[in-house]
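Engineer: Fold the following.
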Amino acid sequence: MKKSDYLNLPYHIVIQHIIDESGSYYFAAVQEFDGCMSHGDTYEEAFQNIREAMEGWIETKLENGFPVPEPAYESQYSGKFVLRLPKTLHARLAMEAEKEGVSLNQYALYRLSTSTG
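Structural biologist: Residues are numbered from 1 along each chain as shown. Model prediction:
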């Protein structure tokens, strides 16, 4: 595929409004492209800048013979995965779930959803 073909695919661009010691700005990143990020003073500027960053990121990968990942589609994921954990952690989570009056599955989902960005 050519660079323009990749740019027309539905990649997941995340833009966040940030206020920190350097001021107020918008930070943008492409979830499928490790290290592809940019920023701007406005949402629109951050979007334009991340599109430019995507062009450069894809171009560099193609010029150097590296694969460019295609967008992740939610249909690729069933919503189910198997996780092995130590018996002591399993027991502790099961007891915490029981105290909350929910299933272990519901409790684990709650804990995972509150610990990830």
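
Engineer: Output the lowest mean pLDDT helix or strand found in the chain.
Structural biologist: When the helices and strands of the chain are scored by mean pLDDT, DSSP states H and E, helix 104-115 comes last with a mean of 86.

Engineer: how about the strands in the protein?
Structural biologist: Here the chain has its strands, by DSSP state E, at 13-20, 23-30, 37-40.

Engineer: on that earlier part again, give me the helices and strands touching the least confident helix or strand of the chain, please.
Structural biologist: helix 87-100 (3 or more C-beta pairs under 8 Å, 6 or more residues apart in numbering; DSSP states H and E). Yep, even glycine has a C-beta here, placed from its N, CA and C like the rest.

Engineer: Compute the inter-axis angle for the helix it packs on and helix 104-115.
Structural biologist: 100 degrees (axes from the mean of the first three to the mean of the last three C-alpha atoms, to 10 degrees).

Engineer: Please export the alpha-carbon coordinates of helix 87-100; CSV is fine.
Structural biologist: The C-alpha trace of helix 87-100 is given here as CSV (Å, rounded to 0.1, in the frame of the first residue of the first chain):
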residue,chain,number,x,y,z
LYS,A,87,-4.1,-18.4,43.9
THR,A,88,-3.6,-15.8,46.6
LEU,A,89,-4.6,-12.9,44.3
HIS,A,90,-7.6,-15.0,43.0
ALA,A,91,-8.7,-15.5,46.6
ARG,A,92,-8.3,-11.9,47.6
LEU,A,93,-10.3,-10.7,44.5
ALA,A,94,-13.0,-13.2,45.1
MET,A,95,-13.4,-12.1,48.7
GLU,A,96,-13.5,-8.4,47.7
ALA,A,97,-16.1,-9.2,45.0
GLU,A,98,-18.2,-11.0,47.6
LYS,A,99,-18.0,-8.0,50.0
GLU,A,100,-19.2,-5.8,47.2
